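Engineer: Take this sequence and fold it.
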Amino acid sequence: MAVSILKYEPAYDVIPQAIIWRPLRYFTLTIREGQDDLDHFKGASFAIGNDIQFDLRVYRGHPYPEFTVTLFLPEDVSDEKRVTEILNTIIKEMVIPISAVA
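Structural biologist: The predicted model follows:
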C-alpha cells in the first residue's frame, strides 16, 4: 500500500497514540498550521489505502519539536487491537525504525 499525503485537515477529532523520534520534515515538506481545542500546531495528514487515516502533529510547547512528532488517529479508532494493527501498518509503510517509536 502507498502512503498519501492529504491536502486538507481532517473533519474528525483525533487522539494521540504514539510519539515518533523524528522531526515532521522527515515525513513531508507539505506542512500546514492549524488549531484545535488544545492549541496551535504544525502538522500533516496522511492516508494508507482507503482504510487508514492519521495525522502527525507538533503542538506549540511540544517537548523536543525539532526531534519528535506525535501520531494521532481518528477518535473513533479506540479498540486496542485495531490501534496496534494500524500503528504497525503505519510504521511499516512509512519505514519508521521501531527504535524511533515511543
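Engineer: Which parts of the protein are strands?
Structural biologist: Assigned strands in the chain, in chain order: 3-6, 14-20, 32-35, 40-48, 52-59, 69-74 (criterion: DSSP state E).
Engineer: for the first one, which positions count as buried?
Structural biologist: The reference is to strand 3-6. Residues of strand 3-6 classed as buried: residue 3 (neighbour count, 16 or more other C-beta atoms under 10 Å). Using the backbone N, CA and C atoms, a C-beta is placed for each residue, glycine as well.
Engineer: what pLDDT, on average, does that strand get?
Structural biologist: Average pLDDT, strand 3-6: 90.
Engineer: Run through who's touching that strand.
Structural biologist: The contact list for strand 3-6 (C-beta atoms under 8 Å, 6 or more residues apart in numbering) reads 28, 30, 44-48, 53, 93-94.
Engineer: Any chance of CSV for those residues, columns neighbour count and pLDDT?
Structural biologist: Formatted as CSV, the contacts of strand 3-6 follow (neighbours: other C-beta atoms under 10 Å; pLDDT from 0 to 100):
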residue, neighbour count, pLDDT
28, 15, 93
30, 10, 91
44, 22, 96
45, 22, 95
46, 19, 96
47, 16, 95
48, 18, 96
53, 20, 95
93, 15, 95
94, 17, 94
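Engineer: which residues does the nearest residue to residue 43 once chain neighbours are set aside bridge with?
Structural biologist: Counting by C-beta to C-beta, 6 or more residues apart in numbering, residue 43 lies nearest to residue 57, which is 3.7 Å off, once chain neighbours are set aside. Residues in a beta bridge with residue 57, per DSSP bridges, are residue 43, residue 70.
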